Each structure stands twice: as C-alpha cells, then as structure tokens.
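Colleague: Model the following, please.
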Amino acid sequence: MAIQPKNDTAIKVDTITEKTASNGVSIEGVILKDSAINYGGTSSGSANAQAITSPAISAYTAGMMISFISGFTNTGSTTLNVNSLGAKTIKDQLGNTLRAGMLQANTPYVVIYDGTDFILPVRGGRQIKQISQSADGSLRTTSSTTFTAMNASISLSPVSGDYVKLTANLSCSAPNLGDTITFTFYEAGSAVGTSRIIEVPSAGNNGREFTVSFSELLTSPTVGTNTYDVYWKSDNGVLVSSRWIDVTGEVLG
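Modeller: So this is what the prediction gives:
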C-alpha cells in the first residue's frame, strides 16, 4: 500500500523488529507515525557545505528524514546544515563520505539522520562517468628490450576520488615458444599498475598469432586530463608483432 504525504509532509520513521504494530502501519519492520519527511527546498551554501533553512526543526533527532534538492554538484566529502543547527556529514549507507558527483545539482535527495551523520541511502557503488576507446588494426613491431609505446592512446579526465579502469585486447606473434613479451599501461608517460609477462604459447609458436587480454584498476589516478597507452617490450630481443589492438578506459566515480 502506498502512503502519499499531504502538503509536503509525511512521516517520522522508527525502526522496530516487528512487522506489525497497533499504533501505526508497519512495512518491512518500519513503523510510520505522524511527523514529517521534512522538505527543505533547494540547498544554498556551496558544493560541499550545503544548507537549507527549512524545515523549522529545533533539533536533530535520530531517524529524522530530510528531503531537499541539491543546489550544487558536490566535489568531495559534503555536509548539510539544516535550519542553522550545525553542519552534519553526509555519508553513504556503508559509512563512507561522499565522492565527487554523488550529489548532482537540481536533483532531489532524501537523507536520514542516524544520531551523528546524515545517511544517503545508497551503497556508493561506482558508475561510469567517462569512457574512451581506441581500436587500431595497424601492424606494430618491436624488438626493443625496453618499453615502447604501442600508440593506441586514449584520453581520460578523472577528478579527485575517481577510479580509472583500463582494458587492453590485442594480437601478438613471436618466433619461438618460450619467448616472452611484457606489457604495461602508461599514464601521462609513466608506467602504472602491474606489468604482464606473456610467454609465447604453443599455439603461437613459429610466428602464429595469439590473443592477449589484461586490465588494470587505478584507485589513485592522476587528476586531470591524461593520456593512457599500452607499452610493450620483447624480453628476448627478437622481433615481435601485433596486428590489432583495442584499448578501453573508463572513469568510475
């Protein structure tokens, strides 16, 4: 059964263990009683220190629910100050402070006061904010024993708190079983993550092609617009080649 608030008011929420109660309507162990899901309008202040002047409450109480429209897109850990009662940190339901972009300007939200902080009822799962892909069928060769670029670069622009996920799929061929090729991702001209040493499989022996796939999650990428590429080297100094490469990058926020 849906319960529709009247005149922008709704109900105080008290959590209980029972699923029914004589003094209210119980839904999944939550009793709905008189009071309000308090609407505060559009927040003022700044992106990470937001404020609302309504509702006219005199104190924060555990279980209090506040709905508001974020006046800003946040750029990191964020507080909410209701009716000048003091700024309280907004956290996700796992207890983490907010990352950039978890509040979007002109978007409505509901937060619940837990006695210490406001809880935004999301788990903080990361979403794809940007994606870039480079697919190239050009022949590439190297016999260098030091890393050189495969020139399949992509551009990404993470901000503070973002992750970057990089994925590469490519073909390779090398002369002999036992030859090895090492791959690594580069960010803005510097190696990042873990190098992958690929040994020529029997299916790729005598120059036959084989496929290589690997990925990397960067939890502290360089903030700003960066170029990402795959670098490779021939560990045995023999001529190795690649006839195609596909590099995908995602900014997760």
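Colleague: alpha carbons only for contacts and neighbour counts from here, please
Modeller: OK.
Colleague: show me where pLDDT drops low in the chain?
Modeller: 1-36, 123-125, 203-204, 206 (pLDDT under 70).
Colleague: for stretch 152-166, which positions count as buried?
Modeller: 152-159, 161-166 (16 or more other Cα atoms under 10 Å).
Colleague: now stretch 213-224
Modeller: Neighbour count says stretch 213-224 has Ser215, Glu216, Leu217, Leu218, Pro221, Thr222 buried, by 16+ other Cα under 10 Å.
Colleague: what about that stretch, start to end distance?
Modeller: Separation of the first and last residues of stretch 213-224 by Cα to Cα, to the nearest Å is 27 Å.
Colleague: Pull the distance from that stretch to the chain's centre.
Modeller: Using Cα atoms, centre = their mean, to the nearest Å, the distance from the centre of stretch 213-224 to the centre of the chain it belongs to is 12 Å.
Colleague: who's in contact with it?
Modeller: If you take Cα atoms under 8 Å, 6 or more residues apart in numbering as the criterion, stretch 213-224 is touched by 156-170, 185, 187, 192-194, 196.
Colleague: repeat for stretch 193-207
Modeller: By Cα under 8 Å, 6+ apart, stretch 193-207 touches 173-185, 209-210, 212, 214, 216-218.
Colleague: go on, stretch 236-250?
Modeller: 128-145, 152-154, 156, 164-175, 179-180, 229-230, 234.
Colleague: of the buried residues of stretch 213-224, closest to Arg99?
Modeller: Checking the buried residues of stretch 213-224 against Arg99 by Cα to Cα gives Pro221 as the nearest, at 14.5 Å.
Colleague: which SS class is the closest one?
Modeller: coil (DSSP: H, G, I helix; E, B strand; the rest coil).
Colleague: CA-only coordinates of the helix or strand encompassing Asn38 in PDB, if you can.
Modeller: Counting by DSSP states H and E, the element that carries Asn38 is strand 37-42. The C-alpha coordinates for strand 37-42 follow below in PDB (Å, rounded to 0.1, in the frame of the first residue of the first chain):
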ATOM      1  CA  ILE A  37       9.700  13.600   5.900                       C
ATOM      2  CA  ASN A  38      10.800  17.200   6.200                       C
ATOM      3  CA  TYR A  39      11.200  19.100   2.900                       C
ATOM      4  CA  GLY A  40      13.900  21.700   2.900                       C
ATOM      5  CA  GLY A  41      13.700  23.100  -0.600                       C
ATOM      6  CA  THR A  42      16.800  23.800  -2.700                       C
END
